[in-house]
Each structure stands twice: as structure tokens, then as C-alpha cells.
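Student: coordinates for the following, if possible.
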Amino acid sequence: MRYFLLILFLMLNACKSGDAISPDDSYTIGLASRSSIHSKWKLVSFENNQKINYEVVLEFKAERNEKGRQILSGKSSINFYQADFIIENSKLVISNLSKTEIAGNASAEAFEAEYLKRLSETTNFNISSETLTLSTAKQQMTFKLNN
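Tutor: I've put the predicted structure just below:
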């Protein structure tokens, strides 16, 4: 009985906090129970199993920006980046991608441009165990959970 009351108390406080749960959140919350998209992920390959020679990290954050959209951020081969994301009808929509302006060598800059282009074009995602796959009809990026 104590546990029931504790859970009820926590649920009521969560509802009073003003954080409404939108239909998009219910899908994200469902994902969190299997393996949370709200984690840090490390890029391990593209669709052709091309080895990634750079440390690329992507983090989907649970907090929202001033426009009410969730945010993602990370570090690519050279720069730090961030964007808004929403999940609509089981699709991932990434917008307002921006990055720092740190210069690097030509190879790292070319890789970064390709990665950020792929990220901004992403429409589909799948989480299985500790693997996140971001894709379009023509390309795919695979990430592993980054502890």
C-alpha cells in the first residue's frame, strides 16, 4: 500500500509541474522503456560498414528549448553541434542544425560535412538493444550506446 501511495504521489507531482505530455512524448517515453533515445550514442558505421576514423558523439536530450522542441547535441570530427528534434508519426524530424566554426584538416572537414548532412536528412530511427540506427531511404548511420 505504501508503494502505491508513493507512486500516486509522484505521479500527481509530475502532473502539477506543468510539463504536459504531448502525443510525441508518449512515443518517446515508450522508447525509453526499451532503450532510451535520450542517451549518448557513438557513431560506429555508415550503411557500407565504412570504418569511422573520428570520435563522433550524438546525445538526444530530454529537456526542451524555448520553442518546446527537444534538443540533440554532440561532437563530430571537429566541431560541436546542436539541433532541434521531434518525433512525429514514428518519424524523426531534425531541424535548426548549427555547429561551432573550428577549423580542421581537409579530411576531417569533409567527413564532418558528410556526417552533418546525413544527420539533417535523417527521417527514420530504430533502437534495438544498445544500437541506434538513423536512416533515410538511401543511407544509414549506426550508433552504439556510449557509456
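Student: ok, F46 touching Q140?
Tutor: Yes: counting by CB atoms under 8 Å, F46 touches Q140, with 6.7 Å between them. Where you see a C-beta, it was placed from the backbone N, CA and C, and this is true even at glycine.
Student: beyond the strand or helix carrying Y115, next helix or strand please.
Tutor: Using DSSP states H and E, Y115 falls within helix 106-121. Later in the chain than helix 106-121, the nearest helix or strand by DSSP H and E is strand 124-128.
Student: what comes up buried for that following strand?
Tutor: Within strand 124-128, the residues that qualify as buried are 125, 127, counting by 16 or more other CB atoms under 10 Å.
Student: try stretch 75-91
Tutor: Within stretch 75-91, the residues scored as buried using 16+ other CB under 10 Å are 75-79, 81-87.
Student: could you dump the residues you listed to JSON lines with distance to A103?
Tutor: JSON lines is the format used below for these (distance: CB to CB, whole Å):
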{"residue": "K75", "distance to A103": "15"}
{"residue": "S76", "distance to A103": "13"}
{"residue": "S77", "distance to A103": "12"}
{"residue": "I78", "distance to A103": "7"}
{"residue": "N79", "distance to A103": "9"}
{"residue": "Y81", "distance to A103": "15"}
{"residue": "Q82", "distance to A103": "19"}
{"residue": "A83", "distance to A103": "21"}
{"residue": "D84", "distance to A103": "26"}
{"residue": "F85", "distance to A103": "27"}
{"residue": "I86", "distance to A103": "32"}
{"residue": "I87", "distance to A103": "34"}
